[in-house]
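Peer 1: Sequence and predicted model, in that order:
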Amino acid sequence: MHPVQEFVEDGFYTWIYEKPRKVLNAILSIGLVVFTISCCLLPVAPNIVKIIVFYASLTMFSLLIGLLVVRLVLFGIGWLVLGLHFWLLPNVMSDELPVVEAFKPLYSLDKDAKKPDMLSRLVALGGAGMVFWALYRTGPDGTSVRQATQRAHDDLLEFFNLAAPKQLSANQTGSAEGASATPGGPAAGESSVPNEEL
């Protein structure tokens, strides 16, 4: 603050106004600290909390990938068929906008963009058709996809140490039985002690 407090007609003045603190801001600040500490304590959290966080993260990732694929397919159809630049949720991947504004506008249609000529659209359509045909010819059947998905799911749960206790104990029991049944040694369930000593 300036030591001389006087009003000069051609001076430049500013007013400092402090907004009163809201209860919501205090609650959000405390919540942010609790959330950060909770993230740090995730390795020691109960198994159910880890599983909930795992599936919530996987769901959000799947939704994001699905949204990006739908956007790309709609753009491709609009560009190939009509020659238009149509984007669904054009700001969804923007780093400069807040989360609420990332979903506005719902779509954008750039009518001023230069339309591609018919030859380039036909070449792109032929290339896309060949890619889809190759994927169809070499793609696995439904049973293989289901089995691979189940294996990937089980591997992820095992990697993050989230497998159910029964499944873990069954895997450990199976490996222990396999280890005890060595060639020349007693079979699983048999005693290696002679009968006379029993």
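Peer 2: Nice, thanks for sending it over. The model shown is predicted, which means the values in this text are computed figures rather than measured ones.
Peer 1: Next, the buried residues of the host helix or strand of residue 64.
Peer 2: Using DSSP states H and E, residue 64 falls within helix 47-77. If you call a residue buried by 16 or more other C-beta atoms under 10 Å, then helix 47-77 has these buried ones: 50, 51, 53, 71, 75. For glycine as for every other residue, the C-beta is placed from the backbone atoms N, C-alpha and C.
Peer 1: Return the residues in contact with the closest residue to the third one other than its chain neighbours.
Peer 2: Meaning residue 53. Residue nearest to residue 53 in three dimensions, not counting chain neighbours: residue 42, with 6.7 Å by C-beta to C-beta, 6 or more residues apart in numbering. Counting by C-beta atoms under 8 Å, 6 or more residues apart in numbering, residue 42 touches 49, 50, 53.
Peer 1: And residue 42, how far from residue 158?
Peer 2: Plainly put, residue 42 is 18 Å away from residue 158 if you go by C-beta to C-beta, to the nearest Å.
Peer 1: Look up phi and psi at residue 110.
Peer 2: Main-chain torsions, residue 110, degrees, to the nearest 10: phi -90, psi 100.
Peer 1: Model confidence score at residue 150, please.
Peer 2: The confidence metric pLDDT takes the value 91 at residue 150.
Peer 1: Adjust the sequence numbering to begin at 8 for everything that follows.
Peer 2: Will do, 8 is the new start, and the previous item becomes residue 157.
Peer 1: before we move on, which element is it in?
Peer 2: Going by DSSP H and E, residue 157 is in helix 149-166.
Peer 1: Which positions in that helix come out as buried?
Peer 2: Quick answer for helix 149-166 (16+ other C-beta under 10 Å): residue 164.
Peer 1: Residue 37 and residue 56, how far apart?
Peer 2: Relative to residue 56, and taking C-beta to C-beta, residue 37 is found at 20 Å.
Peer 1: just residue 136 next, same as before
Peer 2: For residue 136 relative to residue 56 (C-beta to C-beta), the value is 48 Å.
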